[in-house]
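> need a 3D model of the sequence below.
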Amino acid sequence: MAYRSFREFLSSLEKEGELKRITIPVDTDLLIAEWADREMKSPGGGKALLFERPIVDGTTSEFPVAINTMGSRRRMALALQVSDIADIAQEIQLILKAKPPTDLREGWSLLKQGIHLLHARPKHVRDAACQEVVHEIEKHSTPDTQRPTLNDFTLRDLPILKCWPKDGGRFITLANVHTRDPETGTRNVGIYRMQIYDERTMGMHWQLHKVGARHGKRYYERGERMPVAVTLGGDPVYTFAATAPLPDGLDELLFAGFLRRKSIELVRCKTIDLDVPADVDFVLEGYVQPGEMRPEGPFGDHTGFYTAVEDYPVFHVTAVTHRRDAIYPTTIVGKPPMEDYYIGDACVRILLPVFKMNFPEIVDMTLPPEGVFHNLVFVSIRKQYPYQAFKVMHGLWGMGQMMFSKYIVAVDEDCDVHNTSEVLFRL
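Predicted coordinates:
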């Protein structure tokens, strides 16, 4: 059964012995990140951490901070509510290989798959847990960077982390960013880091090739503000679906509904014309103004180095809505192994049937941690003709997030790509 809230997911982790509660006050400026970094590098990814008393600018936040919640294979399976990630891959493979039934049994099996996919479609509701508390930000904000009155809610009230000493500021690192194509109405949900500038503005780190940036370009060409919604928390499958390298045009929320075996309930935002999952913990509503850019960074990235300062669009917050018992989810990135490695590993394992559909010669594939998430790919193939490996490698480079891979190593089908030593021996 699908998780009804992020808190319910954390309860499941705690029941399975996969969660540690930190009851002492811990500062969001570097200290939570330091604690989490050590935990993530523990054998097997350590445990998920729940900081019950995060400190922001000397004040205890009302919102607990959860981190490393998907930072192991066991927790990834719990997040997707399966005993093994391979179970999902097998189900996708059955759907991709579906053929017209030849008898009644095959007919019933195909019907069950169709009903499952039908139930994955999002549906709309009027009342939502994510709107139990509503703070309209823009009309209460002051033109300068001074903190508004204590009764007003701003971005400074969220327990957003500063992760590394030379970071340019505090960053939201698990932001599910919802955008819509103004011409086709097609929705996209992607994960982009967001630097906090002041009480109501943030940097929107979407690169030119990202779908969110493509949507933004179309708004800019029309001279219109771009509505954007940022969600945090809820069923962890939302975040996983937003990170998955899905084909263009495949709705991330439809994919999430398929994974959770239940349709996602959507609610209309309070100040913008976008829909978001009704059960998330936080929603940041706002807009991006055409042509407005601001320096973003530096940011300690998954390569173990800081990314340089560059200009990116500015996100203006018009409202923040949240659950009464909201928990703030976050992560940190850095030299592996980190939480993002396990998320990426699950993506590859689940979507392996999609890669095989495009390249039938593929036997197995993995992104080893030594490659720092996406820089290195090992793929085994059934070789049938000369230069077949080149065909597969160039094809993979053309598939979504695979464009970031610096090295793709193709080996024979009898080589275990999950054994780095064996792959290197073959080289």
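> any regions of the chain where pLDDT drops low?
Counting by pLDDT under 70, the ranges of the chain that qualify are 94-119, 138-151, 373, 400.
> what lines up beside the strand ranked longest in it in the sheet?
Taking DSSP state E as the criterion, the chain has its longest strand at strand 282-296. Each strand that pairs with strand 282-296, with its direction, by DSSP bridges: strand 226-232 (antiparallel), strand 310-322 (antiparallel).
> buried residues in the helix ranked longest in the chain?
With DSSP state H setting the assignment, residue counts place helix 339-358 as the longest helix in the chain. Within helix 339-358, the residues that count as buried by 16 or more other Cβ atoms under 10 Å are 339-356. Where C-beta positions appear, they are placed from N, C-alpha and C, glycine not excepted.
> redo the strands paired with strand 282-296 as CSV? Include distance to Ser11 and mean neighbour count.
Listed next are these as CSV, based on distance: least, Cβ to Cβ, whole Å; neighbours: other Cβ atoms under 10 Å:
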stretch, distance to Ser11, mean neighbour count
strand 226-232, 18, 25
strand 310-322, 19, 21
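> and those: which comes nearest Thr60?
Thr60 sits nearest to strand 310-322 of all the strands paired with strand 282-296, at 17.1 Å, using Cβ to Cβ.
> as CSV, could you dump the C-alpha coordinates of the closest one?
Listed in CSV are the C-alpha atoms of strand 310-322, where the atom choice follows Å, rounded to 0.1, in the frame of the first residue of the first chain:
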residue,chain,number,x,y,z
GLU,A,310,27.4,30.9,-12.7
ASP,A,311,24.3,32.9,-13.5
TYR,A,312,20.9,31.1,-13.2
PRO,A,313,17.2,32.1,-13.2
VAL,A,314,15.7,33.5,-10.0
PHE,A,315,12.7,31.9,-8.4
HIS,A,316,10.3,34.3,-6.6
VAL,A,317,8.2,32.7,-3.8
THR,A,318,4.6,33.8,-3.7
ALA,A,319,3.4,31.3,-1.0
VAL,A,320,4.6,28.4,1.2
THR,A,321,2.1,25.8,2.2
HIS,A,322,2.8,22.8,4.4
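> and that strand, how far out from the chain middle?
Relative to the mean C-alpha coordinate of its chain, strand 310-322 is positioned 18 Å out (Cα atoms, centre = their mean, to the nearest Å).
> and the next element down the chain from that strand?
Counting by DSSP states H and E, the element after strand 310-322 in chain order, helix or strand, is strand 328-330.
> run the chain-centre distance for that following strand.
A distance of 12 Å separates the centroid of the chain from that of strand 328-330, by Cα atoms, centre = their mean.
> which residues make contact with that strand from outside it?
Residues outside strand 328-330 that contact it (Cβ atoms under 8 Å, 6 or more residues apart in numbering): 6, 54, 61, 63-67, 69, 158-161, 172-174, 232-233, 239, 281-282.
> so which of those residues sit within strands?
Where the contacts of strand 328-330 overlap with strands, as defined by DSSP E, the overlap consists of 54, 65-67, 172, 232, 282.
> closest to Leu259 among these?
For Leu259, the closest of the ones in strands among the contacts of strand 328-330 turns out to be Leu232, at 18.8 Å, with distances computed as Cβ to Cβ.
> quick one, what contacts that closest one?
Contact criterion Cβ under 8 Å, 6+ apart gives 172, 174-176, 280-284, 328-329 as the residues in contact with Leu232.
> for it, which non-adjacent residue is spatially closest?
Nearest residue to Leu232, sequence neighbours excluded (Cβ to Cβ, 6 or more residues apart in numbering): Phe282, at 4.2 Å.
> could you do Phe9 as well?
Taking Cβ to Cβ, 6+ apart, and ignoring the residues beside it in sequence, Phe9 has Tyr3 as its nearest neighbour in space, at 4.7 Å.
> equivalent analysis for Gly300, please.
In space, and not counting its chain neighbours, Gly300 is closest to Trp164: 3.2 Å by Cβ to Cβ, 6+ apart.
> tell me which stretches of the stretch 101-250 of the chain form strands.
With DSSP state E, counting those that start in this stretch, the ranges of strands along the stretch 101-250 of the chain come out as 123-124, 133-136, 171-172, 176-180, 187-191, 194-195, 201-203, 226-232.
> pipe the ones you listed into a markdown table and attach distance to Thr321 per row.
What follows is the strands of the stretch 101-250 of the chain, written out as a markdown table (distance: least, Cβ to Cβ, whole Å):
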| stretch | distance to Thr321 |
| --- | --- |
| strand 123-124 | 16 |
| strand 133-136 | 5 |
| strand 171-172 | 16 |
| strand 176-180 | 13 |
| strand 187-191 | 17 |
| strand 194-195 | 17 |
| strand 201-203 | 16 |
| strand 226-232 | 10 |
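> please enumerate the helices of this structure.
In the chain, helices defined by DSSP H lie at 6-15, 31-40, 73-79, 85-96, 104-119, 211-222, 236-243, 252-260, 339-358, 388-397, 420-426, listed in chain order.
> give me whichever of those is most buried.
Mean neighbour count, computed with mean count of other Cβ atoms under 10 Å, is highest for helix 236-243 among those, reaching a mean of 25.
> check which helices and strands it sits against.
Contact partners of helix 236-243 among helices and strands, from 3 or more Cβ pairs under 8 Å, 6 or more residues apart in numbering; DSSP states H and E: helix 73-79, strand 176-180, strand 187-191, helix 252-260, helix 339-358.
> of all these, which lies closest to Gln93?
With Cβ to Cβ, the closest approach to Gln93 among these belongs to helix 339-358: 3.9 Å.
> if I look at the residue lying closest to Glu16 once chain neighbours are set aside, how far off is Leu155?
Nearest non-adjacent residue to Glu16, counting by Cβ to Cβ, 6+ apart: Leu78, 6.3 Å away. Using Cβ to Cβ, to the nearest Å, Leu78 is found at 31 Å from Leu155.
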